[in-house]
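Enquirer: Could you work out the structure for the sequence below:
(chains A and B)
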Amino acid sequence: MSGASRRARAWLVLLGLVYASILFAGFIAPYSPDEQNRSAPFTAPTRLHFVEANGRVHLRPFVYRLVNRPGTFDEYDEDRTRPLPVRFFVRGAPYSIAGVRGDRHLFGVEEPAKIFLFGSDQFGRDVFSRLLFGAKISLVAGVLAAALALGLGLALGSLAGFYGGWTDDAVMRIAELFLALPWLYLLFAVRSMLPLHIDPARAFLLLVTVIGVVGWARPARLIRGMVLSAKHRDHVLAARAFGATDLYLLRRHVLPQTAGVVLTQLALLVPRYILAEVTLSFFGLGVTEPVPSWGNMLAAVQRYEVLTSYWWMFLPGIALGPVFLLYYALADAFQQELAHQSS
Amino acid sequence: MSSRFVRSLAAAWLLVVAMGASRALVASAPAAEELLVSRAEVGRQGGQLVINQRSEPKTLNPLTALDAVSGEVIKNTIADLIHVNRETQQTEPALAKSWTMSPDGRRYTLTLRRDLRFSDGHPFDADDVVFSFRVRLDEKTRSPQRDQLIVGGQPVSVRKLDQYRVQFDFAEARAAAERLFEGIAIVPQHLLERPYAEGRLAEAWNLTTPAAQMAGLGPFRFKEYLPGERIVLERNPYYWKADRAGTRLPYLDRLVFMFVTSEDAQAMRFQTGEADIASNMSAANFGVLAKSEPTAPYKLYDLGAGFNYSFLFFNLNDLSKTTLSETARKQSWFRQVAFRQAISAAVDRDAIVRLVYRGRATPIWGHVPPGNKLWINRAIPQPGRSIDRARQLLRSAGFSWKPDGTLVDDRGERVQFTIVTNSSNAERVQMATIIQDDLKQVGIAVQVVTLELRALLDRLLKTHDYEACVLGLGSPDGNPNAEMNVWLSSGATHLWNPEQKSPATPWEAEIDTLMRRQLMTLDPAARKRLYDQVQELVAQNLPLIFLVSPNVLVGANKGLGNFRPAVLDHHTLWNVEELFWRQKRSSGTP
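Expert: Reported below is the predicted structural model:
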């Protein structure tokens, strides 16, 4: 196993962990993402304590209940009279993971205290829980849209490359048209033509479809090039001479050659499309409240007061960083592996 | 001597004569001019005021301006005959120094101040007044103020008695009739007569008109306009007010309106001192600016409850002739008073006040906000939030709950609807998000959709393609007459079902009668009783489900003298002629 493929495997495992946490969001998140705590708007991330005010040391971390300072909107004092230990596998809001219902959460604290690891938003909703549930939308939308774009690109690109002639011309001219379009504005235009009131699940699917369909041109061009060079290879020509059908040739000899490129493209496109979803939701064209997505969570940061006063509201934006790095590192490893194989 | 020299000499002589003459005019003017003496603190002259303007004015013509933004600029260049003092909320003399009313209340005789001049130096008299009213009453002008001048179905009749006296006759007695003159700017006949005669009034006085072709009686006059950047007004040297020391007002040399579209950017510019005044601040930005107030060069003012109110309402239009069958089906819920009452009971107004307005708002249950102390009906019940009561009301109206808690109607259909609001107003979006969560607790699924304001108004007033909406209204001077077109069933802003041919419900018919009666009642106490009844009917039937009335939040540079913000519009610039800088400021023209 080459170094590059070992690295690729490591990045894949890490990405797997990220997606697993999304799958188990209901379990890991201490609260439901749309649960409002109207007495606790914009609380800073909850502080975990080990030492009480009177000097008593606890092994298990604990929190204090936050009390709104009278006359203020977003200032809080800790109620130091009673430490409330962090507990694991506590009962809380019901959720379902892949159809299995549950109400146990990885961690939590006793009411009336709340544990907001990443603070709370304007309606007192837990940013940490929303970040996990929001990832369910944003990160999955990226993968699905990339798969759709690649699938379309693969089909149309190989069609163009394999048959050449007017098919090639037609497909490639359309691809150029799509490439020339400013995609962000196109997404706006397409989204604004769709009906206004659609439920969040349908909005999500529409979003994925729109992003994916708009993005097919670039992978199609790459794949066409690969197919074009592959179909003139000696073994392909030989197979054709033996009477192999087009479909057989494509399936057996041509498309496998593109596998490396497809994987690399996938790793490059996913973060791009995650960003596309975030951008659309940021502008209010994606998934709507109260369902969280990283984009509509970040939309709050557009407001001057949030920008200046509540740093934890940036966390969905910061979370994009590591996810993107993982994908790009993976793409890099794939590419090196590809170079290694061809040399 | 060459003939050219003679000509230039003659020209020079003419110039000297002209200058001498004008100097003589200015020098002799104060003796005869009947100036109004301001009782405000005596200030010092000079300096400029930089003001954030949310968008560019469309016109500078006070006769045809429709939009509020144009009005905000124009207000500083015009004067009216009788003015509503924004501080006392009472009428006071302006261009008319006094007036008398006939015993039957149908005839007003106004006496004008003598020897006043427009901002171009041309004298002002009764002809300008008659012209200003005649032009507005002409339907071809399409003046938005025409309706204001129709009393008892007839246009006001205006007659010049002599150079400084004008007589107004109304077809019927009208309550608070002198308020009718508020905001009716007197325009110069000598400049607008020709455009009017030629039918070009709408194009006259736009943003590209040279400053010399425009004039008004306001404290400032137009100087320059830079598209996309700013509009500058300069001091009117002929303004008709003076301070107690005899100095002619206004004190400021220039008003600079900078075009800053976003509310956040406006707050930032005010915070950094690039703008001297902040009007209509959001509670959120007020909070941000308050944090740095102790060390900042500005002072913030929370003026308390204002005249604006926010509400949720349902589409009660007749949709039988449209293709909106789904909405029409849902109207069987919306039309039930018990349904609307249940929604009202389920909404957490206190949470809206706290989370959306940071405590700088008042929960309301009727359409007259608490800022309107003269007219509010304090007997309107103010029930607290009660999910139990909401459930009772829904059950009594035939609704029931499925085992999973979702609300269904008597046909078994799930109760769900969409609330639209305008995306540019963060507070309305947040209110809708709170209502969404409130109604989830009674099993109603709500979706919130935000739209650009123009698209939203199109849906509300034209296509009627919406289910529910969160919106706000404001009363310009707190007087019920100004809200006629909201409460009359034939009104264009009768939001839930505008421009009805005949009242759709008995209570709307009753409100129509009461509103028309209060308009013709001269006794203030009797008028108040009639309007109290209107408020009761509205609160019982809840065509609008009232939410909160936000406080008026403004700010100004600490160095600004005579700054006395008012809850009435325009909150900060209503006494712009009295504003002055306590210290000389080094800022040049931006």
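Enquirer: mind listing the strands for the stretch 251-400 of chain B?
Expert: Assigned by DSSP state E, counting those that start in this stretch, the strands in the stretch 251-400 of chain B fall at B:254-259, B:277-278, B:298-305, B:308-314, B:361-363, B:400-401.
Enquirer: what does the second one contact?
Expert: What it means is strand B:277-278. B:49-52, B:266-267, B:270, B:289, B:298, B:554-557, B:560, B:572-573 (CB atoms under 8 Å, 6 or more residues apart in numbering or on different chains). C-beta: built from backbone N, CA, C; applies to glycine.
Enquirer: Kindly recompute the last result at 10 Å.
Expert: B:49-52, B:255, B:263, B:266-267, B:269-271, B:285-286, B:289, B:298, B:300-301, B:553-557, B:560, B:563, B:565, B:571-573, B:576, B:579 (CB atoms under 10 Å, 6 or more residues apart in numbering or on different chains).
Enquirer: circling back: in a markdown table, list the strands of the stretch 251-400 of chain B along with distance to B:Arg585 and mean neighbour count.
Expert: A markdown table is the format used below for those (distance: least, CB to CB, whole Å; neighbours: other CB atoms under 10 Å in any protein chain shown):
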| stretch | distance to B:Arg585 | mean neighbour count |
| --- | --- | --- |
| strand B:254-259 | 12 | 21 |
| strand B:277-278 | 14 | 25 |
| strand B:298-305 | 14 | 17 |
| strand B:308-314 | 33 | 24 |
| strand B:361-363 | 35 | 21 |
| strand B:400-401 | 66 | 14 |
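Enquirer: Narrow the contacts of strand B:277-278 to those in helices?
Expert: B:Glu263, B:Gln266, B:Ala267, B:Arg269, B:Phe270, B:Gln271, B:Asn285, B:Phe286, B:Leu289 (DSSP state H).
Enquirer: Listing request: residues of the stretch 1-150 of chain B with sub-threshold pLDDT.
Expert: The stretch 1-150 of chain B contains residues with pLDDT under 70 at B:1-31.
Enquirer: so what's the single nearest residue of the stretch 1-150 of chain B relative to chain A up against?
Expert: Residue of the stretch 1-150 of chain B nearest chain A, by CB to the nearest CB: B:Asn52 (13.5 Å). By CB under 10 Å, 6+ apart, the contact list for B:Asn52 reads B:257-263, B:265-270, B:274-280.
Enquirer: What of B:Thr141?
Expert: B:Asn61, B:Leu63, B:Thr64, B:Arg134, B:Val135, B:Tyr196, B:Gly199, B:Leu201, B:Ala202.
Enquirer: where does the nearest residue to B:Ile343 once chain neighbours are set aside fall, phi/psi-wise?
Expert: The shortest distance from B:Ile343 to any non-neighbouring residue, by CB to CB, 6 or more residues apart in numbering or on different chains, is to B:Ile545 (5.8 Å). Phi and psi for B:Ile545, reported as degrees, to the nearest 10, are phi -100, psi 110.
Enquirer: which non-adjacent residue is nearest the residue of the stretch 1-150 of chain B closest to chain A?
Expert: B:Gln266 (4.2 Å).
Enquirer: Of the ones in helices among the contacts of strand B:277-278 - the most surrounded one?
Expert: Among the ones in helices among the contacts of strand B:277-278, B:Phe270 has the most neighbours (other CB atoms under 10 Å in any protein chain shown), with 28 neighbours.
Enquirer: I am assuming that residue contacts B:Gly555, so please confirm or correct that.
Expert: Yes. Assessed by CB atoms under 10 Å, B:Phe270 is found in contact with B:Gly555 at 6.2 Å.
Enquirer: For the residue of the stretch 451-590 of chain B found nearest chain A, list the residues it contacts.
Expert: At 7.3 Å from chain A, B:Leu451 is the closest residue in the stretch 451-590 of chain B, using CB to the nearest CB. Shown in contact with B:Leu451 (CB under 10 Å, 6+ apart): A:196, A:284, B:420-424, B:457-460, B:466, B:469.
Enquirer: again with A:Phe204
Expert: Counted by CB under 10 Å, 6+ apart, A:Phe204 has contacts A:Lys136, A:Ile137, A:Val140, A:Ala141, A:Leu144, A:Ile198, A:Glu277, A:Ser281, A:Gly286, A:Val287, A:Val291, A:Ser293.
Enquirer: The residues you listed in helices, which ones?
Expert: Short answer: the contacts of A:Phe204 in helices (DSSP H) are A:Lys136, A:Ile137, A:Val140, A:Ala141, A:Leu144, A:Glu277, A:Ser281.
Enquirer: And stretch A:243-255, how far out from the chain middle?
Expert: 35 Å (CA atoms, centre = their mean, to the nearest Å).
Enquirer: What about B:Gln436, how many residues nearby?
Expert: Applying other CB under 10 Å, I find that B:Gln436 has 20 neighbouring residues.
Enquirer: which residues of chain A score low on pLDDT?
Expert: A:1-2, A:187, A:191-192, A:194-197, A:342-343.
Enquirer: what about the longest strand in it?
Expert: Ordering each strand of chain A by length in residues (DSSP state E) puts strand A:76-97 first.
Enquirer: partner strands of the helix or strand just after it, parallel or antiparallel?
Expert: Later in the chain than strand A:76-97, the nearest helix or strand by DSSP states H and E is strand A:100-109. Partners of strand A:100-109 in the sheet, by DSSP bridges, are strand A:76-97 (antiparallel).
Enquirer: What are the structural domain limits within chain A?
Expert: A:46-115, A:131-342 (automatic domain parsing).
Enquirer: Determine which stretch of the ones you listed is the most buried.
Expert: Greatest average neighbour count among those goes to domain A:131-342 (a mean of 19), per mean count of other CB atoms under 10 Å in any protein chain shown.
Enquirer: thinking again about what came up before, and the residue of the stretch 1-150 of chain B closest to chain A, how close does it get to B:Phe270?
Expert: 7 Å (CB to CB, to the nearest Å).
Enquirer: between the two, what contacts are shared?
Expert: Going by CB under 10 Å, 6+ apart, residues that sit against B:Asn52 and also against B:Phe270 are B:Val260, B:Asp276, B:Ile277, B:Ala278, B:Ser279.
Enquirer: Could you say which helix or strand holds residue 221?
Expert: Answering for chain A, as no chain was given. Here A:Arg221 is assigned to helix A:217-230, by DSSP H and E.
Enquirer: looking at chain B here, not the other one
Expert: Using DSSP H and E, B:Arg221 falls in strand B:220-226.
Enquirer: and the angle from that strand to strand B:254-259?
Expert: 40 degrees (axes from the mean of the first three to the mean of the last three CA atoms, to 10 degrees).
Enquirer: Direction-wise, compare the helix or strand just after strand B:220-226 with strand B:220-226 and give the angle.
Expert: As assigned by DSSP H and E, the chain's next helix or strand after strand B:220-226 is strand B:230-235. On the basis of the same axes, to 10 degrees, strand B:230-235 is oriented at 150 degrees to strand B:220-226.
Enquirer: Just give me how far strand B:230-235 sits from the chain centre.
Expert: Worked out by CA atoms, centre = their mean, strand B:230-235 lies 21 Å from the chain centre.
Enquirer: and if you look at stretch A:273-292?
Expert: 11 Å.
Enquirer: How about stretch B:559-570?
Expert: Computed by CA atoms, centre = their mean, the chain-centroid distance of stretch B:559-570 equals 16 Å.
Enquirer: how about the CA coordinates for it, as PDB?
Expert: Extracted C-alpha coordinates of stretch B:559-570, given in PDB (Å, rounded to 0.1, in the frame of the first residue of the first chain):
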ATOM      1  CA  GLY B 559     -22.800  68.500  20.500                       C
ATOM      2  CA  LEU B 560     -26.200  69.200  18.800                       C
ATOM      3  CA  GLY B 561     -28.200  71.900  20.500                       C
ATOM      4  CA  ASN B 562     -32.000  72.000  20.700                       C
ATOM      5  CA  PHE B 563     -32.200  68.300  19.800                       C
ATOM      6  CA  ARG B 564     -35.600  67.300  21.200                       C
ATOM      7  CA  PRO B 565     -36.700  64.100  19.600                       C
ATOM      8  CA  ALA B 566     -40.400  63.400  19.400                       C
ATOM      9  CA  VAL B 567     -42.500  60.200  19.200                       C
ATOM     10  CA  LEU B 568     -44.300  61.700  16.200                       C
ATOM     11  CA  ASP B 569     -42.800  61.500  12.800                       C
ATOM     12  CA  HIS B 570     -40.200  63.000  11.800                       C
END
